[in-house]
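S.K.: Starting from these lines, generate the structure:
(chains A and B)
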Amino acid sequence: MVLNNLVNVRHHPTNVRRKKPDSTVKQLEISNPVSYFLLNGRSKRYTVQEAKQLHSYFIKLKSDSNMYLVNSIIHTYAANGDLNTAHRLFDRVIDRDVVSWTTLIDGYAKIGNMGVAQQLFDSMPERNLVSWNVLISGFGKCGDVKAAKKAFDQMIERDIVSWNSLISSYARNGFAKEAFEVFCDALVENLVTPNKVMFLSVLPAIAESGCAFWGRCVHSFILRSGIEVDSVLCSALVDMYSKCDDLDMAFQVFESNPFRGNVASWNPMLSGLVRNQRFEEALELFRWMQFENVESDYVTMVAILPAIADSGALSLGKWAHSYIQKMNIRMNATLGSALVDMYAKCGCIELALDVFAVVEGKTTELWNAMITGLAIHGCGRDALKLFSQMQIENLEIDDLTVSAILNACSHSGFVDDGLRFFSNIKDVYKMTPKIQHYGCIVDILGRAGRLEEAKDIICNKMSIKPDIIIWKSLLGACRTHGNVEIGEFAAKHLFELCPNDSSSYVLMSSIYEAAGRSNEAVLMRKKMIEGGVKKEPGFSSIESGGVVHKFLVGDKAHPRAEEIYTMLDDIREKLKSRGYQPNKQLVFFDLHDDEKEDAIFHHSEKLATAFGLINSNRGDPLRIVKNLRMCSDCHVFMKLVSEIYNHEIVVRDHNRFHHFVNGKCSCMDYW
DNA sequence: CTAGGGTTAG
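M.R.: Residues are numbered from 1 along each chain as shown, chains lettered A, B, ... in the order given. Presented below is the predicted three-dimensional model:
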């Protein structure tokens, strides 16, 4: 095949990596710029200042005979985005050559002006490989993959840069399959010898496809090809593996990275862990990164903040925020949203509002984060106010905005607002309610005790098949309002949809128990145990001195366990003298009465509270994060402790925040 | 002297 010979460019001289510009440039001596240029060799790139000095020297001399030098100046202007000056100089030069043209075209391509780039390309007297390659990569960067492919097809001679440019055009514009196909074509037909850049171009495409099989193939191909797996390639591999959900391989490659001094080696691993909800490991990695003195950047912060938010580690979150300010990390809506979310989830709604206020260029995402934050704190009125403001400022409303508003209504008990807003989804906002929106409205009605209406929505008003979350929220409402009949109905569906989920058995059992139907409660527990269904372990964590302390039920693993249990006994005595009785109905297992009382009293959030009381500064509220919903006994417990010990307690459970002050909870016992 | 590459995104 003729084409084969033409494009086989193994020995093409342009296939050699050029040197990066030297940043330690001495000040140019105006008196003799040409000798400076000759002394420093040809492949030098200049700063804008140097280019300007050279430029004015040439204007003075009315000479531009040295094309190497002139092209360098054009390049410097173009590469810095000053296309006006670059183009003016280009126009003035009489002996301009193919490099001058190509340099200018590349400049226009880099600022996204492919119209002018194409015009210039069409009017060039002669073109070489580089001119075509510049065009392809230019189209790729502007998102015009069709044009990139067309240019590629028109070439009569291609080198590895042409192939790589086409692959990355596809890869960076969401055409993962096409990128991988071009990569395979090139290799199968033996048209090029792959190099590092080729792998770096195709790996993001595989990452996007999420196909671990392709990923492993390419990885082993890299290893067999003998290409040095340097830090940059490691980062790409880590990112690929983490996006293909193979965190173990990602970590293995991360560990094998020969140089981890650059933040870009850490970011893919960090965001991979966070994307896969492995927040504790992400925080651990982040600590390791601090230990290795690697400076965080914008990407690190966007990645780590959700992990901080999840753990509720407020002091770490505050540290991250001040780091952002100290290091002048650019603040935009994305980072702002991450900060707002973090502060809200760490229990500091005021600080979240502070961040929200100062972010410029507020996006829907940012408003959503703020409204959701207010919702989980039970600040329903403020959430609705913010929503009106959002509409006044003409921001687009999306699915998350709708969920946020419905959540706000739910947590604050605004049933009428919630119903009105729900009907507005279709009528006013012209959106189709999503499954999560039906979930919210069922929740709103259910909490208000309007169980028949909630059931009616599920059975008759939804065009979508109800999911587990919806049935659970109905079942939860039946538990709150003691409705056995509808509870059984919801449980029946849950047992079909998720027979291995413990919460339906637990809830149904306690509904029977509360209705005085102990026999059926016991049967329910039996059914669960015989089915081999395990209860999801509840845990609570509390941050102290930058460390997150985690407690399970009846946990004795903490180094200060003895003090904690002594404190807990002390609390129990004080509470009992105030008439507190543990609610033993809540104990799921068939234990002796005393054991039941202990089991209740050693709930993880109570352990965390005891630890917090012996460990925290008087003024600071205790901030506890619980992975499941808080039980009603713990809720009573917290209210009393906040009063007796005169200590504010903030608990984040699976659903929302509870601020306990002086014997009262911000949720008004409505959760 | 000109061309291709890695990290974030409710």
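S.K.: quick one: contacts for residue A:257?
M.R.: By Cβ atoms under 8 Å, 6 or more residues apart in numbering, the contact set of residue A:257 is A:231, A:234, A:235, A:238, A:265. (C-beta placed from N, C-alpha, C; glycine too.)
S.K.: How many residues are close by the third one?
M.R.: By the other Cβ atoms under 10 Å criterion, the neighbourhood of residue A:235 contains 24 residues.
S.K.: these two touch, right, it and residue A:272?
M.R.: No: using Cβ atoms under 8 Å, residue A:235 is not in contact with residue A:272, being 10.9 Å away.
S.K.: before we move on, the earlier item: the contacts of residue A:257: which ones sit near DNA strand B?
M.R.: Here is what survives when the contacts of residue A:257 are matched to DNA strand B using Cβ under 7 Å from any atom of the strand: A:231, A:234, A:235, A:265.
S.K.: element containing the third one, please.
M.R.: Just to be clear, that refers to residue A:235. With elements taken from DSSP states H and E, the one containing residue A:235 is helix A:231-243.
S.K.: which residues are in contact with the helix or strand following that helix?
M.R.: On the C-terminal side of helix A:231-243, the closest following helix or strand by DSSP H and E is helix A:247-256. The contact list for helix A:247-256 (Cβ under 8 Å, 6+ apart) reads A:216, A:219, A:229, A:234, A:237-239, A:241-242, A:260, A:265, A:268-269, A:272-273, A:276, A:278.
S.K.: give me that answer again for 7 Å
M.R.: Residues outside helix A:247-256 that contact it (Cβ atoms under 7 Å, 6 or more residues apart in numbering) are A:234, A:237, A:238, A:241, A:242, A:269, A:272, A:273, A:276, A:278.
S.K.: can you state the direction angle for that helix and helix A:231-243?
M.R.: 170 degrees (axes from the mean of the first three to the mean of the last three Cα atoms, to 10 degrees).
S.K.: Can you point out the buried residues in the helix or strand following helix A:247-256?
M.R.: Next in sequence after helix A:247-256, counting helices and strands by DSSP H and E, comes helix A:263-275. By neighbour count on 16 or more other Cβ atoms under 10 Å, the buried set for helix A:263-275 is A:263, A:264, A:265, A:266, A:267, A:268, A:269, A:270, A:271, A:272, A:273, A:274.
S.K.: a markdown table for the residues you listed, including pLDDT?
M.R.: Output for the buried residues of helix A:263-275, formatted as a markdown table (pLDDT from 0 to 100):
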| residue | pLDDT |
| --- | --- |
| A:263 | 94 |
| A:264 | 93 |
| A:265 | 94 |
| A:266 | 95 |
| A:267 | 95 |
| A:268 | 95 |
| A:269 | 96 |
| A:270 | 95 |
| A:271 | 95 |
| A:272 | 95 |
| A:273 | 96 |
| A:274 | 95 |
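S.K.: and residue A:650, that's in a strand?
M.R.: Yes: counting by DSSP: H, G, I helix; E, B strand; the rest coil, residue A:650 is located in a strand.
S.K.: That one against residue A:346, yeah?
M.R.: No: assessed by Cβ atoms under 7 Å, residue A:650 is found out of contact with residue A:346, at 8.9 Å.
S.K.: which neighbours do those two share?
M.R.: Residues touching both residue A:650 and residue A:346 (Cβ under 7 Å, 6+ apart) are residue A:623.
S.K.: who has more neighbours, these two?
M.R.: When neighbours are counted by other Cβ under 10 Å, residue A:650 and residue A:346 differ, and residue A:346 comes out ahead with 27 against 23.
S.K.: Distance-wise, check that one relative to residue A:311.
M.R.: 9 Å (Cβ to Cβ, to the nearest Å).
S.K.: Could you find the closest non-adjacent residue to the residue in the stretch 501-650 of chain A that DNA strand B sits nearest to?
M.R.: Nearest residue of the stretch 501-650 of chain A to DNA strand B: residue A:625, at 16.8 Å (Cβ to the nearest atom of the strand). What sits nearest to residue A:625 in space, not counting adjacent residues and going by Cβ to Cβ, 6 or more residues apart in numbering, is residue A:312, at 3.7 Å.
S.K.: Residue A:482 now?
M.R.: residue A:514 (5.6 Å).
S.K.: Now do that neighbour: how many residues are near it, please.
M.R.: Count around residue A:514 with other Cβ under 10 Å applied: 15.
S.K.: Give me the phi and psi for it.
M.R.: In terms of degrees, to the nearest 10, the main-chain angles of residue A:514 are phi -70, psi -30.
S.K.: how close does it sit to residue A:521?
M.R.: Remark: distance between residue A:514 and residue A:521 (Cβ to Cβ) = 9 Å.
S.K.: Next: residue A:616.
M.R.: In terms of Cβ to Cβ, residue A:616 sits 39 Å off from residue A:521.
S.K.: Mind checking which of these two has more residues around it?
M.R.: Neighbours were counted for residue A:616 and for residue A:521 using other Cβ under 10 Å; residue A:521 has more, 20 against 17.
S.K.: From the chain's centroid, how far away is the helix or strand hosting the more buried one?
M.R.: Using DSSP H and E, the element containing residue A:521 is helix A:518-530. Its chain's C-alpha centre and that of helix A:518-530 lie 41 Å apart, by Cα atoms, centre = their mean, to the nearest Å.
S.K.: go on, stretch A:223-239?
M.R.: Worked out by Cα atoms, centre = their mean, stretch A:223-239 lies 24 Å from the chain centre.
S.K.: Can you get me the start-to-end distance on that stretch?
M.R.: 17 Å (Cα to Cα, to the nearest Å).
S.K.: Please point out which parts of it sit buried.
M.R.: Buried-residue list, stretch A:223-239, by 16+ other Cβ under 10 Å: A:229, A:232, A:233, A:234, A:235, A:236, A:237, A:238, A:239.
S.K.: Please work out the average pLDDT along it.
M.R.: Stretch A:223-239 shows an average pLDDT of 93 in the prediction.
S.K.: which residues are in contact with that stretch?
M.R.: Residues contacting stretch A:223-239 (Cβ under 7 Å, 6+ apart): A:194-196, A:199-200, A:203, A:207, A:219, A:222, A:250, A:253-254, A:256-259, A:262, A:264-265, A:268-269, A:272.
S.K.: Weed out the non-buried ones from those residues.
M.R.: Here, 16+ other Cβ under 10 Å leaves A:194-196, A:199-200, A:203, A:207, A:219, A:222, A:250, A:253-254, A:257, A:264-265, A:268-269, A:272 buried among the contacts of stretch A:223-239.
S.K.: one step back: what would the ones next to DNA strand B among the contacts of residue A:257 look like in JSON lines with distance to residue A:548?
M.R.: Shown next, in JSON lines, are these (distance: Cβ to Cβ, whole Å):
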{"residue": "A:231", "distance to residue A:548": "31"}
{"residue": "A:234", "distance to residue A:548": "29"}
{"residue": "A:235", "distance to residue A:548": "28"}
{"residue": "A:265", "distance to residue A:548": "25"}
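S.K.: got the residue ranges for the strands in chain A?
M.R.: A:539-544, A:547-552, A:622-626, A:649-652, A:657-661, A:664-665 (DSSP state E).
S.K.: before we move on, back to that, any chance of CSV for the contacts of helix A:247-256, columns distance to residue A:439?
M.R.: Below are the contacts of helix A:247-256 laid out as CSV (distance: Cβ to Cβ, whole Å):
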residue, distance to residue A:439
A:234, 42
A:237, 39
A:238, 36
A:241, 34
A:242, 30
A:269, 34
A:272, 29
A:273, 28
A:276, 24
A:278, 26
